[in-house]
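1. Sharing a model prediction with you, sequence too.
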Amino acid sequence: MSNSEFVAAALYKFVAFVDFADHRAALLRVCVQNQVFGTLLLADEGINGTICGKRAGIDMVLAHIRALPGFAGLEHKESLAPNNPFLRMKVRLKKEIVTLGVPGVSPTKKVGRYVKPEDWNALISREDVVLIDTRNNYEVEIGTFKGAIDPKTTNFREFPAWLRAQTNLHNRPKLAMFCTGGIRCEKSTSLALEEGFDEVYHLDGGILKYLETVPEQDSLWEGECFVFDQRVSVGHDLKPGSYDLCHACRFPITEADQQSPLFKLGIACPKCAGTHSKAQKARFSERQKQMQLAKIRGTQHLGQES
């Protein structure tokens, strides 16, 4: 790693964090002092977020978080970036660190059984196990595990209603769930247990840990994995994928999408063309113009912030 590179750290941990609001000011201060930007969410069930800065700054912030009660075992995932995609630091107080919208459901109370990436293939190959992708439809579209059920949700808050509607699943009570980094499937397994399923499993570390750990020749993953950072998507060994991002709808787009007559850089893509109002399109157009001007000046425009 060169001194010019930035480190992006994605992190979360479910912990009973009753006095979470009392820690906001100190956490924000240590981030700002170390020029670390991004967003961290605090709730009584833990912490979640993505931050970016230079190596020393990230290490200082992670050390601060791990010194908080219950967070000593915090794990995080890193990626490198040529510049910082964030322009400010936000520490927000929330009801949930990932919004499911079902009061009382939390992995701090009950959670599914963790399955290591190296044991995942054996589990999901069993005929008595139902495999469920807990991510949103645009994520599933570019890649998922072979044989996985796609709930076709547009956001995580829709997942509880979908699960409750699957009355046939109670005839096959062994569920295996997965998501990008682990946080959503921890929450969804907690929900499944509340809904009466007896055996619920989830992929420890999520798809990213699987792609990093399991050799491609042994993999049951098909396609690429959408990620919420400047890489857009990754493949095996976490190598950057082939997708770009539509800055209007925030969906992943292919090279073919960008060749479509419906594609307008920063304004629309084949997935969202015709869905925006005149005011939205005018705002997108102005943002794209300012981003191009910032690029010429060698600076970063606020509209580029992830």
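-> Nice, I can see it.
2. Strands of the stretch 51-200 of the chain, residue ranges please.
-> Residue ranges of the strands in the stretch 51-200 of the chain, as given by DSSP state E, counting those that start in this stretch, are 76-81, 89-93, 113-115, 129-133, 143-145, 174-178, 199-203.
3. Of these, which shows the lowest average pLDDT?
-> Comparing mean pLDDT over the strands of the stretch 51-200 of the chain, the weakest stretch is strand 76-81, at a mean of 87.
4. what's in contact with it?
-> With Cβ atoms under 8 Å, 6 or more residues apart in numbering as the test, strand 76-81 has contacts from 1, 5-11, 52, 62, 181, 208, 229-231, 238. C-beta: built from backbone N, CA, C; applies to glycine.
5. So what touches stretch 223-233?
-> In contact with stretch 223-233 (Cβ under 8 Å, 6+ apart) are residues 8, 10, 50, 79, 81, 85, 135, 138-139, 142-144, 180, 207-208, 211, 234-235, 240-245, 252, 306.
6. The same query, at a cut-off of 6 Å, please.
-> Under the criterion Cβ atoms under 6 Å, 6 or more residues apart in numbering, residues 8, 81, 85, 139, 142-143, 207, 234-235, 240-241, 243-245, 252 lie in contact with stretch 223-233.
7. Tabulate the CA atom coordinates of it in CSV.
-> Taking Å, rounded to 0.1, in the frame of the first residue of the first chain, the C-alpha atoms of stretch 223-233 are listed here in CSV:
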residue,chain,number,x,y,z
GLY,A,223,-22.0,-14.3,-11.4
GLU,A,224,-20.6,-11.3,-9.5
CYS,A,225,-21.4,-9.7,-6.1
PHE,A,226,-22.7,-6.2,-5.9
VAL,A,227,-20.8,-4.1,-3.3
PHE,A,228,-21.6,-0.7,-1.8
ASP,A,229,-18.4,1.1,-2.7
GLN,A,230,-16.4,2.4,-5.6
ARG,A,231,-15.8,-1.2,-7.0
VAL,A,232,-19.5,-1.7,-7.7
SER,A,233,-19.0,-5.5,-8.0
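8. Enumerate the positions of it that are buried.
-> By neighbour count on 16 or more other Cβ atoms under 10 Å, the buried set for stretch 223-233 is 224-227, 230-233.
9. quick revisit: among the contacts of stretch 223-233, which one has the most neighbours?
-> residue 207 (27 neighbours; other Cβ atoms under 10 Å).
10. right, and that one touches residue 179 too?
-> No - applying Cβ atoms under 6 Å as the test, residue 207 and residue 179 come out as separate, 7.1 Å apart.
11. Can you say which of the contacts of strand 76-81 are buried?
-> Buried among those by 16+ other Cβ under 10 Å: 6-11, 52, 62, 181, 208, 230-231, 238.
12. picking up where we left off before, indicate which one of the strands of the stretch 51-200 of the chain is closest to residue 295.
-> strand 76-81 (16.0 Å; Cβ to Cβ).
13. can you give me how far the closest one is from the chain middle?
-> Its chain's C-alpha centre and that of strand 76-81 lie 13 Å apart, by Cα atoms, centre = their mean, to the nearest Å.
14. Check stretch 68-76 too.
-> 19 Å.
15. Can you tell me which helices and strands the longest helix belonging to the chain packs against?
-> For the chain, the longest helix by residue count, based on DSSP state H, is helix 278-297. With contacts taken as 3 or more Cβ pairs under 6 Å, 6 or more residues apart in numbering; DSSP states H and E, helix 278-297 sits against no other helix or strand.
16. coming back round to it: dump the strands of the stretch 51-200 of the chain to JSON lines, plus distance to residue 34.
-> Listed next are the strands of the stretch 51-200 of the chain as JSON lines, based on distance: least, Cβ to Cβ, whole Å:
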{"stretch": "strand 76-81", "distance to residue 34": "15"}
{"stretch": "strand 89-93", "distance to residue 34": "10"}
{"stretch": "strand 113-115", "distance to residue 34": "32"}
{"stretch": "strand 129-133", "distance to residue 34": "37"}
{"stretch": "strand 143-145", "distance to residue 34": "35"}
{"stretch": "strand 174-178", "distance to residue 34": "33"}
{"stretch": "strand 199-203", "distance to residue 34": "32"}
